[in-house]
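**Q** no sequence on this one, just coordinates:
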């Protein structure tokens with residue numbers, strides 16, 4: 001299985017062999033769904049918290065004596081029956097939403113999404129990504145050169161020279177300060193390290209941009225294949 005490789009000018013410069021164990025496997029939507037749900041659950045922050053009667057401030061003194069007043073018995077003003085008292089069965093910060101997912105299953109779902117990106121022509125491979133300066137203008141120039149590689153951009157937008165919708169996830173095989181600095185002000189562009197790839201980011205962004213070295217890095221990290 002091969003994919004075209006382009007340079008930063010948008011011209012095809014060769015072909016890249018893709019490992020079928022990553023980029024050509026059977027896609028099972030139910031596996032992808034399960035991994036997505038677990039990852040979202042594990043990232044969920046427990047913010048809502050209601051205080052029980054033991055956590056509400058005050059209420060140390062008995063409101064009135066036990067007998068002789070004609071009122072119902074009361075031991076504290078922080079009873080759940082009272083206004084301003086504790087809450088019964090409310091949400092607490094002790095809740096745990098995390099879900100366990102097998103490492104193999106998580107990795108398999110990642111390969112399925114990469115396979116879908118490849119077969120849908122949404123993965124673009126560059127020979128290299130290099131900016132001489134960390135300037136947004138320089139990065140936008142590269143994007144405009146790659147404009148013809150995005151198959152779902154309307155021709156009318158290209159003719160009018162309008163900016164394309166930059167819904168792109170860029171995978172870096174190593175830290176690139178110039179590229180990170182140049183993309184900070186560009187909306188809908190996300191940078192991620194190859195060894196930190198996750199299924200949520202791949203599904204969130206339509207296009208996936210990576211270099212030849214990045215593809216080799218994916219094999220090294222996720223298949224433990226050492227490249228010479």
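**A** Everything's here; your move. For clarity, every value in this text was computed on a predicted model and none was experimentally measured. Residues are numbered from 1 along each chain as shown.

**Q** quick one: mean pLDDT for the one helix or strand residue 171 maps to?
**A** Here residue 171 is covered by strand 168-172, with elements defined by DSSP states H and E. Average pLDDT, strand 168-172: 92.

**Q** and that strand, what's buried?
**A** In terms of neighbour count (16 or more other CB atoms under 10 Å), strand 168-172 has its buried residues at 168, 169, 170, 171, 172. All C-beta spots, glycine's among them, are computed from the backbone N, C-alpha and C.

**Q** what is the subsequent helix or strand relative to it?
**A** Next along the chain after strand 168-172, taking DSSP H and E as the criterion, comes helix 177-183.

**Q** so how far is residue 212 from the residue positioned nearest the centre of the chain?
**A** Within the chain, the residue whose C-alpha comes closest to the C-alpha centroid is residue 201; the distance, by CA atoms, centre = their mean, is 3.3 Å. Using CB to CB, to the nearest Å, we find residue 201 at a distance of 21 Å from residue 212.

**Q** cool, and residue 224?
**A** Distance from residue 224 to residue 212, counting by CB to CB: 20 Å.

**Q** below-threshold pLDDT in the protein: ranges please.
**A** Low-confidence regions of the chain, defined by pLDDT under 70, span residues 150-166, 225-228.

**Q** that one - how does it break down into domains?
**A** Dividing the chain into domains by automatic domain parsing, as the record does, gives the ranges 2-44+98-222, 47-96.

**Q** residue 200 reaches residue 40, doesn't it?
**A** Yes - in terms of CB atoms under 8 Å, residue 200 counts as a neighbour of residue 40; the distance is 7.1 Å.

**Q** tell me what the closest residue to residue 129 other than its chain neighbours is bridged to.
**A** When the adjacent residues along the chain are set aside, residue 129 lies closest to residue 211, with 5.6 Å between them (CB to CB, 6 or more residues apart in numbering). Judged by DSSP bridges, the bridge partners of residue 211 are residue 126.

**Q** what is the burial count for residue 211?
**A** Residue 211 is surrounded by 21 other residues when neighbours are defined as other CB atoms under 10 Å.

**Q** distance-wise, check it relative to residue 91.
**A** In this structure, residue 211 and residue 91 are separated by 46 Å, where distance is defined by CB to CB.

**Q** where do the strands sit along the chain?
**A** For the chain, the strands defined by DSSP state E cover 2-6, 12-17, 123-126, 168-172, 189-193, 207-211.

**Q** so how far is the fifth one off the chain centroid?
**A** The one in question is strand 189-193. On the basis of CA atoms, centre = their mean, to the nearest Å, the separation between the geometric centre of strand 189-193 and that of its chain is 10 Å.

**Q** what do you get for the shortest one?
**A** In terms of CA atoms, centre = their mean, the centre of strand 123-126 is found 19 Å from the chain centre.
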